[in-house]
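Chemist: show me how the following folds:
(one chain, ligands or ions: 2)
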Amino acid sequence: MNNSLFDLSGQVAIVTGTSRGLGQYFAMALAKAGADLVLTSRDRASLASFEKEVHALGRRAVSLELDVKNQESIERMAAEAEAAFGQIHILVNNAGCNVRKPALDVTWDDWNHVVDTNLRGSFFVAQAVARRMIAKGYGRIVNIGSVTSVFGYAGLAPYGASRGGIRQLTMSLADDWGKHGVTVNCLAPGWFRTEQNKVLYEDQEWVDYLIDRIPVKRPGQPHDLDGAVVFLASEASRYVTGQTLLVDGGISTGAMRATVNRPLSSGNKA
Ligand SMILES: NC(=O)c1ccc[n+]([C@@H]2O[C@H](COP(=O)([O-])OP(=O)(O)OC[C@H]3O[C@@H](n4cnc5c(N)ncnc54)[C@H](O)[C@@H]3O)[C@@H](O)[C@H]2O)c1
Ligand SMILES: O=C(O)[C@H](O)[C@@H](O)[C@H](O)[C@H](O)CO
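Modeler: Numbering: from 1, shown residues only. Ligands and ions are numbered 1, 2, ... in the order given. A predicted model of the protein is given here:
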């Protein structure tokens, strides 16, 4: 195996939503593989200490403001990233949110918030960055999906719709932009405890149920995603496009029920 297949030295990666959570792990995995970084957040000041960690690895990094619900903000971020580095090779579309409720309680505003952030935001960030990638004839776009991209869970209707949309969007963009040297894939994590979903993990009964459903018998740890993001961002995946790679300890091999209104408490198979 030629390790240079996974070497990102001299490449520049934008990762959206790097103020906390999985976005920081994606960014660090790319930086450790050699990439320079564009860090983004709605609140640029929140990136200061993370930017220092990236510099400590010997990589270049700039921190830019980005609200994926605001088209002007997206255009500005893409232009500033290009101005800072000249070329953008990699985009990880990670910024996202969730409103977890029984479907009957979901409001119009809940729907718009989740779908506008996760799906519309990812599309327009990809579009703004891909224009620049296409001009250079090279790009790797990694859209963050979820096991909810392929399975339905009660309590996650708008979230699942947005993540299913990401999987479909990935295929459309891959077909559109492959001829320009830009690959587009979806990295779909399983269950990883973060700020977004920590409330779920406070319920030990639910955690036991979750672990029972996961073939490798543990929830994900953020570093479990390192190899997949580097693979999809690198030369190693040059003939892979339009795909959804589930990194989920195998939970997508079977059924699991609900994040709210769980009908089962015994851990029996759903
Ligand atoms: N944690 C999991 O188990 C899991 C599994 C599958 C997919 N995901 C997805 O991975 C991504 C990261 O999740 P996380 O668990 O680290 O959650 P998180 O809530 O800790 O991080 C989400 C990030 O997105 C940013 N963000 C939210 N709205 C934004 C906006 N309008 N503009 C710019 N940035 C915005 C937040 O500020 C934060 O930095 C999300 O898209 C999430 O849905 C998470
Ligand atoms: O309810 C949540 O907030 C969701 O839990 C997500 O964070 C899931 O972990 C994930 O999308 C499953 O792949």
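Chemist: and the residue lying closest to Y201 once chain neighbours are set aside, how far from E53?
Modeler: Counting by CB to CB, 6 or more residues apart in numbering, Y201 lies nearest to R193, which is 4.7 Å off, once chain neighbours are set aside. To be clear about C-beta, it is placed using only N, CA and C from the backbone, and glycine gets the same treatment. Distance of R193 to E53, computed by CB to CB, to the nearest Å: 21 Å.
Chemist: my guess is the residue nearest to Y201 contacts P219, does it?
Modeler: Yes - when contacts are counted by CB atoms under 8 Å, R193 is listed as touching P219 (6.1 Å).
Chemist: common neighbours of those two, please.
Modeler: Residues touching both R193 and P219 (CB atoms under 8 Å, 6 or more residues apart in numbering) are Y201.
Chemist: those two: who's more crowded?
Modeler: Ranked by neighbour count (other CB atoms under 10 Å), R193 and P219 place P219 first, with 19 against 16.
Chemist: and A31, how many residues sit next to it?
Modeler: Number of residues near A31 (other CB under 10 Å) recorded here: 23.
Chemist: residues contacting it?
Modeler: By CB under 8 Å, 6+ apart, A31 lies in contact with 37, 54, 57, 59, 61.
Chemist: tell me who's in contact with the closest residue in space to it that isn't next to it in sequence.
Modeler: Closest residue to A31 apart from its sequence neighbours, by CB to CB, 6+ apart: R59 at 4.7 Å. Residues counted as contacts of R59 (CB under 8 Å, 6+ apart) are 31, 34-37.
Chemist: circling back: which one of the contacts of A31 is nearest ligand 2?
Modeler: L37 (23.4 Å; CB to the nearest ligand atom).
Chemist: did I read that right, A78 in a helix?
Modeler: Yes - judged by DSSP: H, G, I helix; E, B strand; the rest coil, A78 forms part of a helix.
Chemist: what's around the nearest residue to it once chain neighbours are set aside, how many residues?
Modeler: Among residues not flanking A78 along the chain, A128 sits closest, at 3.9 Å (CB to CB, 6+ apart). By other CB under 10 Å, 21 other residues sit near A128.
Chemist: ditto for A135
Modeler: Residues near A135, counting by other CB under 10 Å: 12.
Chemist: that one sits in which helix or strand?
Modeler: Using DSSP states H and E, A135 falls within helix 121-136.
Chemist: return the set of buried residues in that helix.
Modeler: Of the residues in helix 121-136, 121-126, 128-130, 132-134 count as buried by neighbour count, 16 or more other CB atoms under 10 Å.
Chemist: show me which pair in the residues you listed is furthest apart.
Modeler: Spatial extent of the buried residues of helix 121-136 (CB to CB) is set by the pair G121 and I134 at 20.1 Å.
Chemist: what angle sits between the longest strand along the chain and helix 121-136?
Modeler: Criterion DSSP state E: the longest strand present in the chain is strand 182-189. Angle between the axes of strand 182-189 and helix 121-136 is 150 degrees (criterion: axes from the mean of the first three to the mean of the last three CA atoms, to 10 degrees).
Chemist: what number of residues lie near the closest residue to A103 other than its chain neighbours?
Modeler: Distance criterion CB to CB, 6+ apart; nearest residue to A103, sequence neighbours excluded, is A157 at 4.5 Å. Residues near A157, counting by other CB under 10 Å, number 22.
Chemist: and which of the contacts of A31 is nearest to ligand 1?
Modeler: L37 (14.3 Å).
Chemist: what packs against whichever helix or strand that closest one is part of?
Modeler: L37 belongs to strand 36-41 when assigned by DSSP H and E. Using 3 or more CB pairs under 8 Å, 6 or more residues apart in numbering; DSSP states H and E as the contact test, the elements touching strand 36-41 are strand 12-15, helix 21-32, helix 48-56, strand 61-65, helix 71-85.
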